[in-house]
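[1] what's the 3D shape of this:
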Amino acid sequence: MSPPSRREFIAAGVAAGAGLVIGFYLPHGSNGAGEFSPNAYLKITLDNKVIVVVARSEMGQGVRTSLPMILAEELEADWKQIQIEQAGASTLFGDQTTGGSASVRTTWDPMRKAGAAAREMLISAAALEWGVARASCKAENGAVLHPPSKRRATYGELAHRAATLPVPTDIPLKQAKDYKIVGKPVPRLDTPAKVNGTAEFGIDFRLPDMKYAVLARCPVIGGKVASFVDKESKKIQGVSYVGKITDSSIAVMADSVWGAMEGRRVLQVNWDEGPNKDLNTAAIMESLRQGGAKKGVTLYSSGTVPKVAGPLFEASYELPFMAHAPMEPGNATAHFQGSKCEIWAPTQVPQDVRDSAAAAIGLDPDNVKVNVLLMGGGFGRRLEHDYGVEAAQVSKAINGPVNVIWTREDDMRNSTYRPASYHKLSAMLDGQGWPLGFTHRLVAPSISAQKGQPGEGGVDPDLKDEAALIYSFPYALVEYVQTETPIPLGWMRSVYALQVGFANECFIDELATAAGKDPLAYRLHLLAKDEDIKYFDATWRTARMRGVLQLAADKAGWGKPLSTGHYHGIACFGCFSTYMAEVVELSMEQGQPRIHRVVGAIDCGQVVNPNILEQQIQGGVIYGLANALRAKITVEKGRIVQGNFDDYAPLRMNEIPAVEAHFVESTEPPTGAGEPPIPPLAPAICNAMYAATKKRIRALPILS
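    Just a heads-up that it's a prediction; the model follows:
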């Protein structure tokens with residue numbers, strides 16, 4: 001189905017009596033030249049409702065508030081009137097993927113322009129209604145005013161007339177100094193529903209006569225179903241269906257989740273374990289180490305190899321596979337009805353769910369409707385669409401509505417994982433301990449390549465956002481060696497940036513120690529010259545990184561006396577166009593770190609909502625702490641070992657440190673905030689632990 005043109009879309013809105021409807025583009029991925037694919041719509045109804053339809057998924061990051069704030073600012077709306085509608089999968093919305101800390105940074109200009117266009121149309125409509133000069137009217141707080149005559153008309157009263165006017169272009173946008181909504185700590189619009197229990201998460205969704213299903217999946221990666229016997233399963237009360245859904249899974253359906261789980265427990269399955277039955281973590285990590293001796297593709301290169309030889313300092317770092325482990329495990333509901341199917345899913349990729357489900361059940365994508373529900377954590381796991389496809393497949397098999405739900409063990413052992421990686425770094429130092437040359441060889445499998453999307457020239461496309469070098473060296477070389485693995489890979493919060501940041505910032509600290517210099521002073525020296533570092537399509541500014549580094553250090557009291565037995569560590573990194581620095585304060589208790597305080601400073605350009613930004617930093621730090629301290633997925637005999645929060649433990653409440661969030665005041669365009677707090681955290685912890693113990697940690701997790 002071709003999306004409508006701008007003219008067709010506006011006309012359709014008027015014909016339907018919808019009031020004023022404005023659509024706008026989203027530059028988040030290609031949607032084809034000349035196509036009209038708006039990301040969200042502003043709807044001002046005749047009864048004065050101001051509705052923003054958001055085509056981004058809410059998983060706690062606050063897009064259902066921050067995105068409407070951007071539009072409402074230019075609209076001169078009354079914020080108390082703003083209502084939100086969540087968009088499902090549609091050809092109208094361009095790329096609806098929610099990930100890569102991209103929601104605000106890619107909708108900033110389109111949403112401002114949409115709000116401004118609507119505002120100007122409403123002002124023109126009022127001037128026509130009153131027969132006055134347009135310049136004598138102004139928009140304010142959800143209405144248009146004519147000060148000379150003291151007339152006032154609400155947006156709802158003007159919507160019908162405004163919808164008949166041409167959509168203006170090239171409208172001057174407001175300056176930051178004039179903002180009334182953007183930059184203010186506006187309460188989140190989704191909080192009341194979450195507090196009173198009316199918010200609908202994926203796992204909450206119900207349909208009349210809905211059944212529940214769980215799937216038995218091959219425990220060995222890449223294995224298949226050889227045969228199964230369902231006699232005992234069908235004896236369980238409420239079990240009404242047992243059937244093979246894919247080559248590697250069998251569905252057990254019942255009237256309740258517990259009935260389905262019990263039916264699966266007694267199901268007798270003979271698995272064909274396939275080629276990975278002997279796969280183990282030790283062999284995988286050894287293959288990565290061997291990759292460190294290979295020459296990789298160049299990600300970044302500057303300067304020339306030093307002609308004067310100096311002391312060579314080398315170190316290597318390792319990171320394991322990690323699981324997303326969101327609190328809400330995978331789930332989706334589907335209702336197959338012959339020629340069409342409707343799906344309700346907590347997803348970051350509604351269009352992928354639609355397209356993959358359609359292919360799996362033999363329908364045209366136009367006949368598959370996907371509704372987006374709230375997520376109890378995403379972290380990249382909901383960038384996959386397996387759960388939505390499974391629900392559609394089971395629903396087709398039973399020809400009725402069904403909720404497919406994953407247990408915690410299902411989610412841990414049948415997931416996709418952050419890739420394991422190996423890092424080999426070296427630096428040649430001059431007589432004062434400053435680097436003359438710096439090299440970093442990153443060895444890791446490619447997520448995109450495994451999913452059939454190899455990068456140009458052997459460069460994983462994610463590395464362009466996540467493996468930047470933020471320091472200026474006389475000579476620098478960053479390389480990538482791509483390896484292969486049968487372990488299913490997936491994008492996980494900050495993706496490769498966690499790995500690169502850990503290796504780089506631990507190494508920089510080691511160089512500072514070798515030079516006998518303060519870790520903060522050493523970094524500031526490397527960032528002292530104002531430079532623009534070009535890395536693929538991004539340009540990193542040393543001045544902005546220096547700013548957040550100094551801000552974090554100042555707020556943490558770097559260099560000032562700490563409580564007895566307390567130590568500081570510092571690190572900084574840039575990813576997703578954002579600059580982040582963190583200082584960790586810890587003590588050692590029985591040989592283990594006790595994190596007392598984390599001070600974070602971020603430069604993400606114009607801040608839309610300070611409250612939400614603070615929440616993003618706090619949540620990122622807590623998530624990053626769990627990754628750094630304990631997160632490790634291991635493989636034995638082709639099976640994922642970890643299965644629940646007993647052996648893949650999140651932080652407990654008594655382990656949460658005080659987290660302080662600070663940001664640089666900026667009028668630069670906004671950039672990402674969800675992922676940048678992750679990468680500097682692990683190295684800051686390890687650097688603080690070195691200050692306490694004089695022992696370096698070069699592998700995660702810290703408590704392995």
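[2] To what extent is Arg64 buried, counted in neighbours?
    21 (other C-beta atoms under 10 Å). Quick note: C-beta positions are derived from backbone N, CA and C, even for glycine.
[3] Glu74 now?
    Neighbour tally, Glu74, other C-beta under 10 Å: 25.
[4] That one falls within a helix, correct?
    Yes: counting by DSSP: H, G, I helix; E, B strand; the rest coil, one finds Glu74 located in a helix.
[5] Would you confirm that it contacts Pro172?
    No: the pair Glu74 / Pro172 is not scored as a contact, 10.3 Å apart, by C-beta atoms under 8 Å.
[6] Now the common contact residues for these two.
    Ala116 (C-beta atoms under 8 Å, 6 or more residues apart in numbering).
[7] Can you verify Gly388 is assigned to a strand?
    No: Gly388 sits outside any strand when classified using three-state DSSP, being helix.
[8] three-state assignment of the residue nearest to it when sequence neighbours are not counted?
    Nearest residue to Gly388, sequence neighbours excluded (C-beta to C-beta, 6 or more residues apart in numbering): Val353, at 3.8 Å. What three-state DSSP gives for Val353 is helix.
[9] Next: Gly559.
    coil.
[10] Quick one: residues contacting it.
    518, 520, 553.
[11] re the thing from before, for the residue nearest to Gly388, grab the count of nearby residues.
    29.
[12] same question, Asn141
    Neighbour number of Asn141 under other C-beta under 10 Å is 15.
[13] residues contacting the closest residue in space to it that isn't next to it in sequence?
    Closest residue in space to Asn141, ignoring its immediate chain neighbours: Asp78 at 4.9 Å, by C-beta to C-beta, 6+ apart. Neighbour list for Asp78: 50, 141-143 [criterion: C-beta under 8 Å, 6+ apart].
[14] please redo it, this time with the cut-off set to 10 Å
    48, 50, 72, 140-143, 154-155 (C-beta atoms under 10 Å, 6 or more residues apart in numbering).
[15] How about the top helix by length along the chain, which residues are buried there?
    Using DSSP state H, we find that the single longest helix of the chain is helix 103-130. Buried residues in helix 103-130, counted by 16 or more other C-beta atoms under 10 Å: 103-127, 129.
[16] end to end, how far does stretch 292-304 reach?
    22 Å (C-alpha to C-alpha, to the nearest Å).
[17] ugh, wrong one, stretch 452-468
    24 Å.
[18] Ok, stretch 687-704 next?
    17 Å.
[19] Can you point out the buried residues in it?
    Neighbour count says stretch 687-704 has 687-692, 696-697, 699-702 buried, by 16+ other C-beta under 10 Å.
[20] re earlier: from what I see, the residue nearest to Gly388 and Ala359 are in contact.
    No: the criterion here is C-beta atoms under 10 Å, and Val353 misses it with Ala359 at 11.2 Å.
[21] Common neighbours of these two, please.
    With C-beta under 10 Å, 6+ apart as the test, Val353 and Ala359 both reach 368, 389, 392.
[22] Quick check, central residue of this protein?
    Gly99 (3.8 Å; C-alpha atoms, centre = their mean).
[23] Name the nearest residue to Arg161, sequence neighbours excluded.
    Ala125 (4.0 Å).
[24] can you pull the contacts of the one you found?
    Residues near Ala125 by C-beta under 10 Å, 6+ apart: 20, 134, 137, 144, 153, 155, 157-165.
[25] again, but for Lys180
    With C-beta under 10 Å, 6+ apart, Lys180 has these contacts: 72-73, 76-77, 79, 140-141, 174.
[26] got it, and Tyr155?
    Applying C-beta under 10 Å, 6+ apart, the residues near Tyr155 are 19-20, 42, 44-45, 48-50, 75-78, 81, 118-119, 122, 125-126, 139, 141-144, 162.
[27] how about a cut-off of 6 Å?
    44, 122, 142 (C-beta atoms under 6 Å, 6 or more residues apart in numbering).
[28] out of those residues, who's nearest Ser446?
    Ile44 (46.0 Å; C-beta to C-beta).
[29] if I look at that closest one, how far off is Ala626?
    44 Å (C-beta to C-beta, to the nearest Å).
[30] Neighbour count for those two, which is higher?
    The neighbour comparison of Ile44 against Ala626 (other C-beta under 10 Å) goes to Ile44, with 30 against 18.
[31] now do the same end-to-end measure for stretch 362-371.
    Span of stretch 362-371 from end to end, C-alpha to C-alpha: 19 Å.
[32] what does stretch 339-346 contact?
    Here stretch 339-346 has contacts from 202, 205, 332-335, 353, 367-371, 373, 375, 388, 392, using C-beta under 6 Å, 6+ apart.
[33] State the pLDDT value of Ile22.
    The model reports Ile22 with a pLDDT of 60.
[34] meant to ask about Thr91, not that
    79.
[35] Is there a neighbour count for it? I'd like the number.
    Count around Thr91 with other C-beta under 10 Å applied: 16.
[36] next one: phi and psi at it?
    phi -70, psi -10 (degrees, to the nearest 10).
[37] Tell me the helix or strand right after the helix or strand containing Arg441.
    Using DSSP states H and E, Arg441 maps to strand 435-445. As assigned by DSSP H and E, the chain's next helix or strand after strand 435-445 is helix 447-450.
[38] that older thread, which ones among the contacts of stretch 339-346 lie within helices?
    Reading helices off these with DSSP H, I get 353, 388, 392.
[39] got JSON lines for these, with pLDDT too?
    Formatted as JSON lines, the ones in helices among the contacts of stretch 339-346 follow (pLDDT from 0 to 100):
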{"residue": "Val353", "pLDDT": "98"}
{"residue": "Gly388", "pLDDT": "98"}
{"residue": "Ala392", "pLDDT": "98"}
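[40] What segments of the stretch 601-704 of the chain are helices?
    610-629, 681-693 (DSSP state H, counting those that start in this stretch).
[41] What lies in contact with the last one?
    What it means is helix 681-693. 502, 505-506, 509, 567-571, 582, 584, 586, 588, 593, 624, 628, 696-697.
[42] Which of the residues you listed are buried? Put it as a PyMOL command.
    Of the contacts of helix 681-693, the buried ones go into a single PyMOL selection, burial set by 16+ other C-beta under 10 Å:
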select buried, resi 502+505+506+509+567+568+569+570+571+582+584+586+593+624+628+696+697
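[43] which residues sit in contact with the residue nearest to the centre of the chain?
    Taking C-beta under 6 Å, 6+ apart as the test, what Gly99 contacts is 348, 383.
[44] The closest residue to Val443 other than its chain neighbours and Gln482: what is the separation?
    The spatially closest residue to Val443, leaving aside those adjacent along the chain, is Gly291, at 3.9 Å (C-beta to C-beta, 6+ apart). Separation of Gly291 from Gln482 (C-beta to C-beta) stands at 8 Å.
[45] what about stretch 142-159, start to end distance?
    Termini of stretch 142-159 sit 12 Å apart (C-alpha to C-alpha).
[46] Flag every buried residue along that stretch.
    Buried, per 16+ other C-beta under 10 Å, within stretch 142-159: 142-146, 153-159.
[47] Ok, stretch 460-471 next?
    In stretch 460-471, the ones that count as buried by 16+ other C-beta under 10 Å are 460-463, 465-471.
[48] Likewise for stretch 428-436?
    So stretch 428-436, judged by 16+ other C-beta under 10 Å, has buried residues 428-429, 433-436.
[49] just the residues you listed now: which is nearest Gln61?
    Checking these one by one against Gln61 (C-beta to C-beta), the nearest turns out to be Pro435, at 36.7 Å.
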